[in-house]
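Trainee: here is my input; please provide its structure:
(chains A and B)
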Amino acid sequence: MDFISILSIFVLACFVGYYVVWSVTPALHTPLMAVTNAISSVIVVGALIAGAAGGDQVSTALGLVAVVLASVNIFGGFAVTERMLAMYKKKDRKN
Amino acid sequence: MADLHELAATPAWAALAYLASGVLFILALRGLSSPGTSRQGNRLGMIGMLVAVATTLVLHGTGLIQISIAIAIGGGLGFVAARKIAMTDMPQLVAAFHSLVGLAAVLVGVAAFLNPQAFGILDTQTGHIHNVSRIELGLGVAIGAITFSGSVIAFLKLNGNMSGAPIMLPARHVINLGTLAAIIGLVAYFVTDDSRWVFFTITALSFVIGFLLIIPIGGADMPVVVSMLNSYSGWAAAAMGFTLHNTAMIITGALVGSSGAILSYIMCKAMNRSFISVIAGGFGGEAPAADGGERVERPWKRGSADDAAFLMSQAEQVIIVPGYGMAVSQAQHVLREMGDLLKAEGVRVKYAIHPVAGRMPGHMNVLLAEANVSYDEVYELEDINSEFSQTDIAFVIGANDVTNPAAKTDKTSPIYGMPILDVEKAKTVLFLKRSMGGVGYAGVDNDVFYMDNTMMLLGDAKKMVEEIVKSMK
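Mentor: Numbers count the residues shown, from 1 in each chain, chains lettered A, B, ... in the order given. From the prediction side, this is the model:
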């Protein structure tokens, strides 16, 4: 992919982000931060490439450490979001 | 070996898989538009991550054992942390997670710099890294490093390992601007010279500037800082996505980047402060000193738990206004119990949340949700402000500046212009506060304390509400 196509994806994604995030209800802003935290760990893709690559040992080691860090975030971020979201309940309408 | 990792040849199926994962992340955020759809959204986010990881592993399937171990270690740690963390400590956890994203971005950037071939950014003709990739890489590590060191400071301040008070270095604006200029200059220079010292100086300076940027920012401005670092972690991921030509990373980075930026904007607006003034820092630092002499002793009324219990049980509607003090004393559970008792007596109970109450966006909502308060009893500022004038009792617990009417009338007040909850319009205000001595974070006295219809309840938030509950039973 050339630079311009990547830039186009990026700019359009910024606009998508803008509209999607404004529609998030303020009550869920903390889960929003937790989940954006989890998904920004998609940086794990770069870490996996570095960790799997041969050639430079330092680079491989750094990649593996980055995989550990990003995994903390992925599992921790999604799990804590799930935990928080499970707490948001509506009251019973019966009474 | 090297040919296997040539990224330029990402097969079409993989490119589509990364795109799908990006779309799943968009849907994950979309789900958060209401609590009802939010959990499904979170699941979609997990699937998106699974798709991205699986695709990468299939494409670069070597060293699977080490990688599995790395994922297991990190995943285990993250999972345990997520399970054990108390809801009141959520801001710290989020700051800690941001720092990990930042550090991971730096490590990936360094790995890519050391082994450009594996990342497909090596110009095979010259044996150097592509020029465009150098800018992306330089920006990526810079943003990652700022995210890391900034989040570490934010974590230490939120966790109480470091004083929440702003730390002011002399000539800090000059130092900060100089460092930033040096980083930008070096990233530009990196295009012409990809030697190690340039790259590692960029990294080191960025760690330093992240640290310098956050230390002068005080505790109550943390909602802005946490949101801002959230945004940075996104931009760091996006920069790495540019380096790797990876759509999942670029889409995610843009989403997270805009999300954090919007939250920062909302927080700044709720404090009527400009983003620049928050970043410049120092708010709340000078206030206690300036406050000493001028404060006039004014009469105020003190109430007991029994008074409060009696007044509330006679009321038609009670609006509870929680603030950071409620979080500190963990009073949310007993507060909900109080609400239940009131409801059993036929009192309408509502909760009013100011956008900057607490230490991160939505902090109070999570705590109330944790205590099993139904989310349709919890209202945002603009939805409930008109109701205070028809309310018998406003029960303020651990909040102060967000109720200060000086924000509406006193042009000289540091919080002038900040939208506030109009608690003073309620028939009676019960103001629960640790002591009369401390003023709010902004260091301004609050006229609500001295009004005829205000009754001050002094003491620890949790203990006082417990006493009120006892008295109601």
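
Trainee: when you work out contacts or count neighbours from here on, use the C-alpha atoms and nothing else.
Mentor: Fine.

Trainee: quick one: low-confidence parts of chain A?
Mentor: Segments of chain A classed as low confidence (criterion: pLDDT under 70) are A:91-95.

Trainee: which residue is nearest the centroid of it?
Mentor: Nearest to the geometric centre of chain A sits A:Ile39, at 1.0 Å (CA atoms, centre = their mean).

Trainee: need phi/psi at that residue.
Mentor: phi -70, psi -20 (degrees, to the nearest 10).

Trainee: please verify my assumption that it contacts B:Ile47.
Mentor: No: between A:Ile39 and B:Ile47 there is no contact under CA atoms under 8 Å: 10.7 Å.

Trainee: for B:Tyr379, phi and psi?
Mentor: Backbone torsions for B:Tyr379, taken as degrees, to the nearest 10, come to phi -120, psi 150.

Trainee: C-alpha coordinates for the strand or helix carrying A:Gly46, CSV please?
Mentor: Following DSSP states H and E, the helix or strand that holds A:Gly46 is helix A:44-52. Taking Å, rounded to 0.1, in the frame of the first residue of the first chain, the C-alpha atoms of helix A:44-52 are listed here in CSV:
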residue,chain,number,x,y,z
VAL,A,44,0.7,-6.4,19.6
VAL,A,45,0.7,-7.0,15.8
GLY,A,46,4.0,-5.2,15.6
ALA,A,47,5.3,-6.9,18.7
LEU,A,48,4.4,-10.4,17.2
ILE,A,49,6.2,-9.6,14.0
ALA,A,50,9.3,-8.5,15.9
GLY,A,51,9.1,-11.5,18.3
ALA,A,52,8.7,-14.0,15.4
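
Trainee: show me what the helix or strand following it is packed against.
Mentor: Following helix A:44-52 in sequence order, the next helix or strand is helix A:57-87 (DSSP H and E). Using 3 or more CA pairs under 8 Å, 6 or more residues apart in numbering or on different chains; DSSP states H and E, the elements in contact with helix A:57-87 are helix A:29-40, helix A:44-52, helix B:35-59, helix B:64-84, helix B:90-114, helix B:363-370.

Trainee: any idea of the angle the longest helix belonging to chain B forms with helix B:90-114?
Mentor: Longest helix in chain B by number of residues, with DSSP state H as the criterion: helix B:131-158. Using axes from the mean of the first three to the mean of the last three CA atoms, to 10 degrees, one finds that helix B:131-158 and helix B:90-114 are set 150 degrees apart in direction.

Trainee: my read is that B:Ile135 contacts B:Val191, right?
Mentor: Yes: counting by CA under 8 Å, a contact exists between B:Ile135 and B:Val191, whose distance comes to 6.6 Å.

Trainee: OK, contacts around residue 14?
Mentor: Went with chain A since none was named. Each residue near A:Cys14 by CA atoms under 8 Å, 6 or more residues apart in numbering or on different chains is listed here: B:251, B:254-255, B:257-258.

Trainee: actually, chain B is the one I wanted.
Mentor: Neighbour list for B:Ala14: B:55, B:59 [criterion: CA under 8 Å, 6+ apart].

Trainee: element containing it, please.
Mentor: Remark: B:Ala14 resides in helix B:12-31, with elements defined by DSSP H and E.

Trainee: swap in B:Gln330?
Mentor: Short version, using DSSP H and E: B:Gln330 is in no helix or strand.

Trainee: ok, it to A:Leu85 distance?
Mentor: For B:Gln330, the distance to A:Leu85 (CA to CA, to the nearest Å) stands at 20 Å.

Trainee: check contacts around B:Ala309.
Mentor: By CA under 8 Å, 6+ apart, the contact list for B:Ala309 reads B:468-469, B:471-472.

Trainee: what do you get for B:Arg273?
Mentor: B:Met418.

Trainee: that one in helix, strand or coil?
Mentor: When the structure is split into helix, strand and coil by DSSP: H, G, I helix; E, B strand; the rest coil, B:Arg273 lands in coil.

Trainee: so, low pLDDT: which residues of the stretch 351-473 of chain B?
Mentor: Counting by pLDDT under 70, the stretch 351-473 of chain B contains low-confidence residues at B:437-443.

Trainee: close to chain A: what parts of it are there?
Mentor: Counting by CA under 8 Å from any CA of the partner chain, the residues of the stretch 351-473 of chain B lying close to chain A are B:355, B:360-363, B:365-366, B:369-370, B:372-376, B:380.

Trainee: among these, which ones are buried?
Mentor: B:355, B:360-363, B:365-366, B:369-370, B:372-375, B:380 (16 or more other CA atoms under 10 Å in any protein chain shown).

Trainee: angle of the helix or strand that contains B:Glu337 against helix B:363-370?
Mentor: Secondary structure from DSSP H and E places B:Glu337 in helix B:332-344. If you take the same axes, to 10 degrees, helix B:332-344 sits at 70 degrees to helix B:363-370.

Trainee: which other helices and strands does whichever strand or helix holds B:Met249 contact?
Mentor: Assigning secondary structure by DSSP H and E places B:Met249 in helix B:247-270. Where contact means 3+ CA pairs under 8 Å, 6+ apart, helix B:247-270 is packed against helix A:3-22, helix A:29-40, helix B:12-31, helix B:222-244, helix B:275-280.
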